[in-house]
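Visitor: Can you look at this prediction? I've put the sequence above it.
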There are 2 protein chains.
Amino acid sequence: MEPEKGKQIPELDPVAVADRLHSAAIHLLRRVRTRDTESGVGPAQLSALSVLVFGGPRSLGELAAAEQVRPPTMSRIVAGLMRAGLVRRYIAKEDRRRLRLEATAKGTDLLQAARKRRVESLAATLSQLPADRIEQLRRAAELVDQLSRTM
Amino acid sequence: MEPEKGKQIPELDPVAVADRLHSAAIHLLRRVRTRDTESGVGPAQLSALSVLVFGGPRSLGELAAAEQVRPPTMSRIVAGLMRAGLVRRYIAKEDRRRLRLEATAKGTDLLQAARKRRVESLAATLSQLPADRIEQLRRAAELVDQLSRTM
DNA sequence: GAAAATTAGTTAGCATAGCTAACTATATTG
DNA sequence: CAATATAGTTAGCTATGCTAACTAATTTTC
């Protein structure tokens, strides 16, 4: 046996672990995304709306940065959200080039409903697991999230 | 206090855990997806190609099911992959309505390179962590993947 | 064994969502 | 005040999702 550096546990190879994390995340989202269409709002709009609902009002540029898309893309996403009455916008008084975007009550309601639906089947599966298993998964989520924040 | 059913540990609420898992997966993929464009192939094409490379040849319908998209969508994705010389197709002899799709050598090479690039920054972050931390994350990936499979 | 039904995949046409380039309007700087 | 920088929008491209309607091949039914 090789006693050095964990070579005998091939899974400690960072590339392999990264790959597994990546693929696990993809599989999870695939299972969960299905019901998102029920809200009648596209995935990019839903995601942008959630930033406004959970993170509070902000400018278009900030929203684009948060969603990691370019301003023209966010401009169109916001246009869709406004057409649907889910978002309001004001011109910022201190700098009249900037917009202040905020979710309407309708937007907040829609998002909460979508979020609930989205995790429903996942939660249903979870609730059939033993408590210690759920706790393991909670910690797994925490670990992965923490990892993303340090990248 | 409520002594019943773990109410005093709010994180055991399956909905909350489901929500955290979902959000952790989103954050991870956001960080990682950036470099996918370097391959010059769209995300849906890359994902479909990976099914063929890692899962072996299959029909268009099977590929659509694996990717959870409708046949017309997969038809167009495959057309793009063929145009780029990444996938070959044959008409199945036993049932001439069906196609047999398989990755070309070029497709396999491109996917391996893309996969490597994709997890590169994630792997780089991982390798700065202590070994036990990496092991924790590996197990986290395993747990989440297992969960997705049982949904 | 021929007509009917089913199944596999494609084509057409629509919407969303990503991008860059080029534009307008406002703010800042020299 | 002119030049420059910044915030968003518009135009136009590609990719990706969908449904409806089609062709071709197979299976079922009578």
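Guide: It's in.

Visitor: tally of neighbours for A:Val32?
Guide: 22 (other CB atoms under 10 Å in any protein chain shown). C-betas here are computed from N, CA, C, even on glycine.

Visitor: and it, what element?
Guide: Element membership for A:Val32 (DSSP states H and E) is helix A:14-33.

Visitor: That helix: which residues count as buried?
Guide: A:14-32 (16 or more other CB atoms under 10 Å in any protein chain shown).

Visitor: And for stretch A:127-140?
Guide: Neighbour counts over stretch A:127-140 (16+ other CB under 10 Å) mark A:129, A:134-140 as buried.

Visitor: could you redo those residues as JSON lines and give each row secondary structure?
Guide: Below are those laid out as JSON lines (DSSP: H, G, I helix; E, B strand; the rest coil):
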{"residue": "A:Leu129", "secondary structure": "coil"}
{"residue": "A:Ile134", "secondary structure": "helix"}
{"residue": "A:Glu135", "secondary structure": "helix"}
{"residue": "A:Gln136", "secondary structure": "helix"}
{"residue": "A:Leu137", "secondary structure": "helix"}
{"residue": "A:Arg138", "secondary structure": "helix"}
{"residue": "A:Arg139", "secondary structure": "helix"}
{"residue": "A:Ala140", "secondary structure": "helix"}
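
Visitor: can you give me the helices in chain A?
Guide: Using DSSP state H, the helices assigned to chain A run over residues A:14-33, A:43-55, A:60-67, A:71-83, A:105-127, A:131-150.

Visitor: Go through these and name the closest to B:Lys106.
Guide: Distance to B:Lys106, taken as CB to CB, is lowest for helix A:14-33 among these, at 21.4 Å.

Visitor: Quick one, grab the pLDDT at A:Leu81.
Guide: For A:Leu81, the pLDDT comes out at 98.

Visitor: What of A:Ile9?
Guide: So, for A:Ile9, pLDDT stands at 50.

Visitor: On the strand side of things, show who A:Leu101 bridges to.
Guide: Following DSSP bridges, A:Leu101 is listed with bridge partners A:Arg58, A:Arg89.
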